[in-house]
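A.B. asks: Okay, predicted coordinates and the sequence, questions at the end:
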Amino acid sequence: MPAPVRATDEFFDELTTALLLLRVKAQQRFRPLLADVLNRRPGVGRWTVGQCLEHLNIVGGHVLPEIRKRLLKAQASGSQPAPFVKSGFVGGRMVAAMRRPASEKKYASPARYAPTGTRLPRTVAEVFSRQLDEMLNLVLLARQVNANTVRIPNPIIPLLYLRLTDQLELLVVHIQRHMVQAEAALATVEAKG
């Protein structure tokens, strides 16, 4: 199966729109929450809203600096945008798998990316919002280089290097997946009163 090819502007417009929607939701739904609500467990063995956000903060803390470093290196080398973005075979499969609803496909978070806190401060939501801002800035930078040629080490399998396009899309889909999880946790907590 050939890798999908998409117009560069359309691809980055879609990522930007998705990130802006996530940012609005984070600002409206999660930033106003008190620490008690952020840390209230919706059920046995289920992550709290705060833990969902902390997990995303941990992943972002590992991946975003690497993306920035490699983007700046590509800019410095004179890389120019390509008219189309291509998905790699492995990266495309990873994105497709992550798009499957959690009800169909659950993933265990590796220990180094699992949430560590059970009493998280409200700043977990602020850090998450700042990371979304950083991702928006990285998408702007990625528009200026040939994102097909920039390779990013995968945070789970460091010897696997994904195309920047796949890594950015994977991050966005991963955030969307955990935002759904956080929304469900919040709805359960609010229903319990």
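C.D. replies: Yep, that arrived.

A.B. asks: dump the residue contacts of the spatially most central residue of the chain.
C.D. replies: Geometric centre of the chain, nearest residue: residue 171, 3.1 Å, by C-alpha atoms, centre = their mean. With contacts defined as C-beta atoms under 8 Å, 6 or more residues apart in numbering, residue 171 is in contact with 59-60, 63, 135. (Each C-beta comes from the backbone N, C-alpha and C, glycine too.)

A.B. asks: in this structure, which spans are strands?
C.D. replies: 5-7, 84-86, 151-153, 161-163 (DSSP state E).

A.B. asks: for those, which one ends up most surrounded?
C.D. replies: Among the strands of the chain, ranked by average contacts under mean count of other C-beta atoms under 10 Å, first place goes to strand 161-163 (a mean of 21).

A.B. asks: other SSEs contacting that one?
C.D. replies: Applying 3 or more C-beta pairs under 8 Å, 6 or more residues apart in numbering; DSSP states H and E, one finds that strand 161-163 makes contact with helix 89-99, strand 151-153.

A.B. asks: Which elements pack onto the helix or strand of the chain with the lowest mean pLDDT?
C.D. replies: Counting by mean pLDDT, DSSP states H and E, the chain has its least confident helix or strand at strand 5-7, which shows a mean of 89. For strand 5-7, the helices and strands in contact under the criterion 3+ C-beta pairs under 8 Å, 6+ apart are strand 84-86.

A.B. asks: Contacts only, for the residue nearest to residue 12 when sequence neighbours are not counted.
C.D. replies: Residue nearest to residue 12 in three dimensions, not counting chain neighbours: residue 143, with 5.1 Å by C-beta to C-beta, 6 or more residues apart in numbering. Listed by C-beta under 8 Å, 6+ apart, the contact partners of residue 143 are 8-9, 12, 81.

A.B. asks: Please, a ChimeraX command that selects the buried ones among these?
C.D. replies: Selecting just the buried residues from the contacts of residue 143 in ChimeraX takes one command, with 16 or more other C-beta atoms under 10 Å as the test:
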select :8,12,81
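
A.B. asks: quick one: which of the contacts of residue 143 sit in helices?
C.D. replies: Here DSSP state H is the test, and the contacts of residue 143 give 8-9, 12 as lying in helices.

A.B. asks: Look up phi and psi at residue 108.
C.D. replies: The phi and psi torsions at residue 108 (degrees, to the nearest 10) take the values phi -90, psi 130.

A.B. asks: count of neighbours near it?
C.D. replies: Using other C-beta atoms under 10 Å, the number of residues around residue 108 comes to 6.

A.B. asks: Same list (the ones in helices among the contacts of residue 143) but as CSV, adding pLDDT and distance to residue 23.
C.D. replies: Written out in CSV, the entries for these read as follows (pLDDT from 0 to 100; distance: C-beta to C-beta, whole Å):
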residue, pLDDT, distance to residue 23
8, 96, 22
9, 96, 21
12, 98, 16
